[in-house]
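In: Got a predicted model here, sequence first, then my questions.
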Amino acid sequence: MLDHTDAILEMKDIVKEFPGVRALDGVSLRVRRGEIHAICGENGAGKSTLMKVLSGVHPHGTYRGEIILEGKPAKFSNIRDSEGAGIVIIHQELALIPELSITENIFLGNEVRGRGGIDWLTARKRAKELMVRVGLHDDPDSQIKNLGVGKQQLVEIAKAISKNVSLLILDEPTAALNESDSAHLLDLIREFKSHGMTCIMISHKLNEIAAIADSITIIRDGHSVETINVPEGERVDEDRLIRGMVGRPLTSRFPEHTSNPGEVLLEVKDWTIRHPEVSERLVCKGSTFQIRRGEIVGFAGLMGAGRTELARSLFGRSYGRYVKGSMLLHGKEVSPKNVEQAIELGLAYVTEDRKVLGLNLLDAIRTTVVSADLPRISPRGVVDRNAEHVAAEKYRRELRIKTPSVNEGVMKLSGGNQQKVVVAKWLFTEPELLILDEPTRGIDVGAKYEMYGIMNSLAAAGKAIMMISSELPELLGTCDRIYTVSAGLITGCVDAKDATQEGLMRLMTLVPTNTTTAA
Amino acid sequence: MNALKQLFGGSLRQFGMLFVMVALAIFFHLLTGGLVITPTNLMNLLNGNSYILVLAIGMVMVIIIGHIDLSVGSVAAFVGIVVAITMRDWGIPWWVAFLLGLALGALCGAWQGFWVAYMGIPGFIVTLAGYMFFRGANQWVGKSLTVPVPTTFQYLGAGYLPEWGANTGMNNSTLLLGLASIAVLVWMQLSQRRALAKIGADVPPMSVTVTRLILVTIVIGYLTWMFGTGRPGSSFPVPGLILAALVILYSYITSRTIFGRHIYAVGGNRLAAELSGVNTRRTYFLVMMNMAMLSAFAGMMFVGRANASGPFDGVGWELDAIAAVFIGGAAVSGGVGTVVGSLIGGLVMAVLNNGLQLMSAGSDATQMIKGLVLLAAVALDVWQKSQNKPSITGLLFPSRKKEPGETPAPVTTTTSS
Ligand SMILES: Nc1ncnc2c1ncn2[C@@H]1O[C@H](COP(=O)(O)OP(=O)(O)OP(=O)(O)O)[C@@H](O)[C@H]1O
Ligand SMILES: [Mg+2]
């Protein structure tokens, strides 16, 4: 069906340098009209940079090489130019304004003009139409901040198709989404394709790529390694993608984990937490669970089930208002009232949102890594900069953070490498209980494997790990036990060995009755 | 360009501003027929600006945490008058009065810090209130009169170091100070090299260190000579010494201590800082309190220089301090800025002021030029950020653009289907 000779876009030998790094070192990309073209590669391989070159974020003249769009050379000097040519990009990090409504966000910078200003009535009507097209059935006046990530992503797409788009670029659109939201998004992309739109999609979720892509370009260290054209009706072999990305085969996705649970490290009883603003709403309803030393315990649930809220309320009450419940560490009751105390007790919480909650983007890598446990390297309140350097270097090596130097700012890192810095920051505190909230979001297969390896070795050293993840295969592959959470309630606890995705899904979607069930 | 970068470490921007300052000084020196770079004028420059620079030290910290303090001039005036009156009426010694002044400053700061940190009211509003309140308090306490201070107190704002020992043709205190600073800097450079080597980090080549030290020695030596050979009885001025001590102390605090790290963390991303165990409220509180203490300090230095405390002391100081901080590279949105940068920013303003004054430009022209300089400095910064250029020096010393094709890129593209 796809015409092999009809290329909508060709990028030839693109070279892009930043001070001290060559992010792209001769990448070529050929995209056929009407196809879904996936780009994959490790963190920092240059995928986002390539798309920023294409969309005019990095203007013509700041890179070398050639872009040929519809047979003609394209020289974009900003995003407006590229949008004028029908290229629309949805960036890795959502770029919506939380305080504005859906309508306002969709037409931001592209307002519907009427006589004497913006014609809100027409805008609202058009927003509604666009929302129907992407399958979003909310009030166009509701504020973005009241929507879940899945819906926010749909707003981004509505915004994109409100422009005259012929080539849509999606940079890790499903990284923050759960399975059903992701599936919906992929369906949407397929539908766009059937209407003749061309899509470029970056993703670290190889199963999605395999499911949707017509061709795949693999990028490694700023070079394009290969382009695979997938014949109609076939699936690309995921292992082949991994081999291309990593440069060597990966025998398994999850490292061997032998569970060896010890005494109970954390015990939580009847934990009940109110929403911080809406006081009649409970976000945790009498949660009771325990985690043993040496155990990796998963928490499965849909978006908004209250897993993050549970974790943050345990972590020094950094979320919501405490109602009742107790928390025991090593059998002794504790009640950390702030994060400082929680860290002192040996708790660590890797946030799910790295930009808003996890990082100070103005900071350097080395100072970020030590920032959650400064006292340890600061005798008499003075930071020992040598110790800091040593620590930062250690985690750069262990987590393979891709950067020319630990003195660089975290702003300059690729998304996945920023995530690794957040993880490093919490590993540095050498916690007894490590709470991971979607820790592998946006990181590549190789790094995921290493991440699981680190979790295993922590567990082997007698630490306990609480792992929140929306990816069920990941939970099944790494955990000893899995709790399921639905609407603030713990609805079940299963042994990972006996669990199946379907079984977990059933428990996760269980509509709880008034009785408090707990494992 | 690269050599410069190595020589001055990462802080090219500060170096750029320093360059601007020196260039301005030379420019005015030539224009006025040699009036600017003289011992007497340099002493005046330091004496007449050190209190603003002391304010800039505190202000940069306030701006880093994402607030602003408009009350500094009023707090300075309020503390000044109270100190002057207690010395006159109670006859307490100058150092007791000084400590009292600092304590009073801390109290004013605690009051404002409380509202900012624990009540969540923006610093702009709280200190706007303080701006009015403490100005009023100054006039209420002093009955809008000017109150003189004893000569002992004047040492703080216009004093000179003693003369002693053999005749070296220079003021010996200044000479000693100069030599000691050189020795300390050499020692610091060398021990830093050793530390870097020990942890296996990149050590700059010895030639760079030596060049750096030679440059520093020349600069300090020259300044020592300038300040040491003024009219008899003069030396490196006491306010300058106080300023230097405070700059060193606060540079150290902001860059090396846990508290300093917390300031940047809170300013860069308050939510992330909170989730990393930073007590954000305490940080806000302490920074606001510290600012008011430094205001008190500056106020007392000014009173010492003016020999009296009056109802219009400190008018407009807040704006000078804020301008210094922004010229020094701080960001309005918080999280960025350095003490040394603000010092240099303040010095740029001071040299500009001084030069225009010596050229007998009116205050109208001076104000207009200062306004434009502030705007230009910040605009340059913003523009550079949008251009992805490393710093202001990128402009002063443009590096050779790499030509396309200069470094042929190896291309490894294999296409299979
Ligand atoms: N503004 C910048 N300044 C300096 N270096 C940058 C900048 N943007 C990207 N880089 C560097 O370019 C390289 C490629 O980054 P890019 O964001 O394209 O990676 P990516 O393939 O999208 O990775 P990820 O999967 O983690 O999102 C990285 O090494 C990164 O550090
Ligand atoms: Mg990316």
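Out: The structure has been received and is ready for your questions. Ligands and ions are numbered 1, 2, ... in the order given.
In: can I see the domain layout of chain B?
Out: B:2-159+B:237-396, B:165-234 (automatic domain parsing).
In: Can you tell me which of the ones you listed is most buried?
Out: domain B:2-159+B:237-396 (a mean of 20; mean count of other C-beta atoms under 10 Å in any protein chain shown). Yep, even glycine has a C-beta here, placed from its N, CA and C like the rest.
In: what's the model's confidence in the helix or strand hosting B:M293, averaged?
Out: Using DSSP states H and E, B:M293 sits within helix B:280-306. Mean pLDDT, computed over helix B:280-306, is 96.
In: what do you get for stretch A:336-350?
Out: pLDDT averaged over stretch A:336-350 gives 94.
In: Of all the residues in that stretch, which ones are buried?
Out: Residues of stretch A:336-350 classed as buried: A:P336, A:N338, A:V339, A:E340, A:A342, A:I343, A:L345, A:G346, A:L347, A:A348, A:Y349, A:V350 (neighbour count, 16 or more other C-beta atoms under 10 Å in any protein chain shown).
In: Also near ligand 2: which of those residues, exactly?
Out: Counting by C-beta under 5 Å from the ion, nothing from those sits close to ligand 2.
In: farthest pair in those residues?
Out: Put simply, by C-beta to C-beta the two of the buried residues of stretch A:336-350 set farthest apart are A:N338 and A:V350, 18.1 Å from each other.
In: elements contacting the helix holding B:M293?
Out: helix B:39-64, helix B:72-90, helix B:94-113, helix B:151-158, helix B:238-256, helix B:258-268, helix B:270-274 (3 or more C-beta pairs under 8 Å, 6 or more residues apart in numbering or on different chains; DSSP states H and E).
In: what angle separates it from helix B:39-64?
Out: 160 degrees (axes from the mean of the first three to the mean of the last three C-alpha atoms, to 10 degrees).
In: residue in chain A nearest to ligand 2?
Out: A:S48 (3.1 Å; C-beta to the ion).
In: what kind of secondary structure is that residue in?
Out: helix (DSSP: H, G, I helix; E, B strand; the rest coil).
In: Would you agree it is in contact with A:A175?
Out: No - counting by C-beta atoms under 8 Å, A:S48 sits too far from A:A175 to count as a contact (11.8 Å).
In: So for the closest residue to B:P239 other than its chain neighbours, what's the pLDDT?
Out: Leaving aside its sequence neighbours, B:P239 sits nearest to B:S50 (C-beta to C-beta, 6 or more residues apart in numbering or on different chains; 3.9 Å). B:S50 carries a pLDDT value of 93.
In: For the stretch 401-519 of chain A, list the residues in contact with ligand 2, please.
Out: A:S414, A:G415.
In: if we go to 8 Å?
Out: A:S414, A:G415, A:G416, A:G442 (C-beta under 8 Å from the ion).
In: show me what contacts the second one?
Out: When the contact criterion is C-beta atoms under 8 Å, 6 or more residues apart in numbering or on different chains, the partners of A:G415 are A:N43, A:S48, A:Q92, A:E93, A:E172, A:G442.
In: quick one: which two of these are the most distant?
Out: A:N43 and A:E93, at 14.4 Å, using C-beta to C-beta across these.
In: quick one, which of those two is more surrounded?
Out: A:N43 (22 against 16; other C-beta atoms under 10 Å in any protein chain shown).
In: from what I can see, the more buried one looks like it's in a strand, true?
Out: No - under three-state DSSP, A:N43 sits outside any strand and is assigned coil.
In: Relative to A:Q418, how far out is it?
Out: From A:N43 across to A:Q418, the span is 9 Å (C-beta to C-beta, to the nearest Å).
In: Which pLDDT value goes with residue 415?
Out: By default, I'm working from chain A. 84.
In: not what I meant, chain B
Out: B:T415 is given a pLDDT of 34.
In: residues contacting the closest residue to chain B within the stretch 251-400 of chain A?
Out: The stretch 251-400 of chain A approaches chain B most closely through A:N360 (3.4 Å), counting by C-beta to the nearest C-beta. By C-beta under 8 Å, 6+ apart, the contact list for A:N360 reads A:T368, A:S371, A:V410, B:Y264, B:A265, B:G268, B:N269, B:A272, B:A273, B:G335.
In: now for the residues you listed, which pair is the farthest apart?
Out: Longest span within the contacts of A:N360, C-beta to C-beta: A:V410 and B:A273, 14.0 Å.
In: which residues are in contact with both of A:S48 and A:A175?
Out: What both A:S48 and A:A175 touch, as defined by C-beta under 8 Å, 6+ apart, is the set A:Q92.
In: As TSV, the helices and strands packed on helix B:280-306 with distance to A:K159 would be great.
Out: Output for those, formatted as TSV (distance: least, C-beta to C-beta, whole Å):
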stretch	distance to A:K159
helix B:39-64	35
helix B:72-90	45
helix B:94-113	43
helix B:151-158	60
helix B:238-256	41
helix B:258-268	29
helix B:270-274	26
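In: which ones are touching the nearest residue to B:L156 once chain neighbours are set aside?
Out: Closest residue to B:L156 apart from its sequence neighbours, by C-beta to C-beta, 6+ apart: B:G304 at 3.7 Å. Contact analysis of B:G304 by C-beta under 8 Å, 6+ apart lists B:V149, B:F153, B:Q154, B:Y155, B:L156, B:G157, B:A158, B:G159.
In: From B:W225, how far out is the residue nearest to the last one when sequence neighbours are not counted?
Out: To tie it back to what came earlier, the one meant is B:G159. Of all residues not flanking B:G159 in the chain, B:V238 sits nearest, at 3.6 Å (C-beta to C-beta, 6+ apart). B:V238 sits 19 Å away from B:W225, going by C-beta to C-beta.
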